[in-house]
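# quick one: sequence and predicted model below, then my questions.
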Amino acid sequence: MKRFLPFFLCLLLLSGCAALSGEAEPAQVQFFSMDTVMSIRVYDGGGEDAIQAARQEVERLDKLLSRTTTDSEISALNSHAGDGTLVSMEPEVIQLLAFAQSISQLLPGDFDITIAPVMDAWGFTTEEQHVPSDASLSAAMALVDSSLLTVDEEASAARLEQAGMEVDLGAVAKGFAASRAEAVLREHDVTSALVDLGGNITAIGGKLDGSPWQVAVKDPQNTSEALCVLSLSDQTASTSGGYERYFEQNGVIYHHIIDPKTGYPAQSGLLSVTVVSSNQMLADALSTALFVAGEEDALAFWRSRDDFELVLCTEDNRVIVTEGLEAGYRPAGEERGYTYEIARR
Ligand code: ADP
Ligand code: MG
């Protein structure tokens, strides 16, 4: 067991939120999919079969949704951009595209899955990341417009209206995979489990003693430490932060969450956004979108809805926790200079 410990610590460091270990030994698997480290730990019900079925489901979705795999559904959509073809796609992929479109409409200017050409201009899909020239960035920006993505739910088909456009589901695929993995685990009678899909932690049920899972939100400035600890049961906590993927050029840090209004890494005054919801897809999409939106707009959007809660970490070391999390959360970064406040409706 001891020799695996460094690997487990690695996992904790890699995910935006980390589950604090329960007392019982779970049946578990760690694997790499969707460009990130994932783990599934089952504490009650199911067992090895359940875990393997859930893992296979995530890997199946990775093949369907990746834009770097040439035979994926998304690659088929992208390859027909601008040629007028309405591309037939699996209903589940169409639903995901339609969902992403709805988030773009709710938070215009903050979220856009046609951001792919801009990700490429920055080299985020390759090993060679760099600040793009003004010319290449504006050429890429001219291709970002999700209103030019037609999604026909009835025909189960979609079309990109302009040549060169591309869809990138990086901001929502893990949330979608989490919802499917949870469904598979529940079909296998799993009643207590933690699914960690690279910073999207889904708590199925509670701990064996019935109490909620304790899930740590990482300190974005000190990723081996916790910012706070959340109590979760039958909920997902999804975290987006600039610290998750970035490069440095001439002493400046550039991260992978892009402001579709500028084409540059979002500078909204936030270091990380954690969204807690029973809807995994919503949690994943909103953690990205509200990171771009910034504190004021994120809280205004939270006040307009009742299906998620937030933990915002600001550049000036404030941690804003929305009131729905108040009873179950514990601050953990006071000695590192953080102050904690509750946002009310
Ligand atoms: P992570 O993938 O690190 O967990 P997110 O869920 O926040 O983080 O998703 C970031 C990914 O989403 C990027 O790698 C990119 O593929 C895509 N993306 C970046 N900016 C946006 C945006 N404004 N709207 C939609 N997708 C985005
Ligand atoms: Mg996301």
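Sure thing, it's come through. Ligands and ions are numbered 1, 2, ... in the order given.
# up against ligand 2, what does this structure have?
Residues of the chain that fall close to ligand 2, judged by CB under 5 Å from the ion: Ala171, Asp284, Ser287, Thr288. Every C-beta, even on glycine, is put in place using the N, C-alpha and C of the backbone.
# for the last one, give me its contacts.
For Thr288, the residues meeting the contact criterion (CB atoms under 8 Å, 6 or more residues apart in numbering) are Phe111, Ala171, Val172, Ser240, Ile257.
# for the helix or strand encompassing it, list every residue counted as buried.
In the assignment (DSSP states H and E), Thr288 maps to helix 280-293. Buried residues in helix 280-293, counted by 16 or more other CB atoms under 10 Å: 280-293.
# after that helix comes which helix or strand?
helix 295-303.
# can you tell me the average pLDDT over that next one?
Averaged over helix 295-303, pLDDT sits at 98.
# next: stretch 47-59.
Across stretch 47-59, the average pLDDT comes to 96.
# show me what it is in contact with.
27-29, 31, 33-34, 38, 40, 42, 177, 180-181, 184-185, 187-190, 195, 197.
# pull the contacting residues for the closest residue to ligand 2 within the stretch 101-250 of the chain.
For the stretch 101-250 of the chain and ligand 2, the shortest gap (CB to the ion) falls at Ala171, measuring 4.1 Å. By CB under 8 Å, 6+ apart, the residues touching Ala171 are Ala100, Phe111, Ile113, Ser240, Asp284, Ala285, Thr288, Ala289.
# repeat that for Glu323.
Glu309, Ile342, Ala343, Arg344, Arg345.
# same thing with Ile320?
Glu295, Leu299, Leu310, Val311, Leu312, Thr314, Glu341, Ile342, Ala343.
# for Glu326, state which of these is nearest.
Ile342 (5.3 Å; CB to CB).
# now the closest one: how far from Phe308?
Distance, Ile342 to Phe308, by CB to CB, to the nearest Å: 16 Å.
# kindly report the same for Gly205.
Taking CB to CB, one finds Gly205 at 20 Å from Phe308.
# ligand 1 contacts on the stretch 151-300 of the chain?
168, 170-171, 198-199, 240, 244-245, 256-258, 260, 284, 287-288, 292 (CB under 6 Å from any ligand atom).
# mind checking which of those are in strands?
The strands, defined by DSSP state E, take in Ser240 from those.
# now the two most distant members of the residues of the stretch 151-300 of the chain next to ligand 1.
Gly198 and Pro260 (22.3 Å).
# tell me which residue in the stretch 51-200 of the chain sits closest to ligand 1.
Gly170 (2.4 Å; CB to the nearest ligand atom).
# near Val131, how many other residues are there?
16 (other CB atoms under 10 Å).
# what number of residues lie near the residue nearest to it when sequence neighbours are not counted?
What sits nearest to Val131 in space, not counting adjacent residues and going by CB to CB, 6 or more residues apart in numbering, is Gln249, at 5.5 Å. Here the number of neighbours of Gln249 (other CB under 10 Å) works out to 10.
# begin at 382, not 1, for the rest of this chat.
Renumbered: residue one is now 382, and that last one reads Gln630.
# Gln630 contacts His511, correct?
Yes. Between Gln630 and His511 there is a contact under CB atoms under 8 Å: 6.5 Å.
# ok, of the contacts of Glu704, which come out buried?
Of the contacts of Glu704, these count as buried by 16+ other CB under 10 Å: Glu690, Ala724.
# in strands, which of the contacts of Glu704 appear?
Those of the contacts of Glu704 lying in strands (DSSP E): Glu690, Ile723, Ala724.
# could these go into JSON lines alongside distance to Val439 and pLDDT?
Output for the ones in strands among the contacts of Glu704, formatted as JSON lines (distance: CB to CB, whole Å; pLDDT from 0 to 100):
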{"residue": "Glu690", "distance to Val439": "25", "pLDDT": "98"}
{"residue": "Ile723", "distance to Val439": "35", "pLDDT": "98"}
{"residue": "Ala724", "distance to Val439": "33", "pLDDT": "98"}
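# which other helices and strands contact the longest strand seen in the chain?
Ranked by number of residues, the top strand in the chain under DSSP E is strand 603-613. Strand 603-613 sits against helix 386-395, strand 594-600, strand 651-658, strand 690-695, strand 699-703, strand 711-712, with contacts defined as 3 or more CB pairs under 8 Å, 6 or more residues apart in numbering; DSSP states H and E.
# repeat the analysis, applying 7 Å as the threshold.
Packing partners of strand 603-613 (3 or more CB pairs under 7 Å, 6 or more residues apart in numbering; DSSP states H and E): strand 594-600, strand 711-712.
# now go through the contacts of stretch 428-440 and say which are in helices.
Of the contacts of stretch 428-440, the ones assigned to helices by DSSP state H are Ala558, Arg561, Ala562, Val565, Leu566, Glu568.
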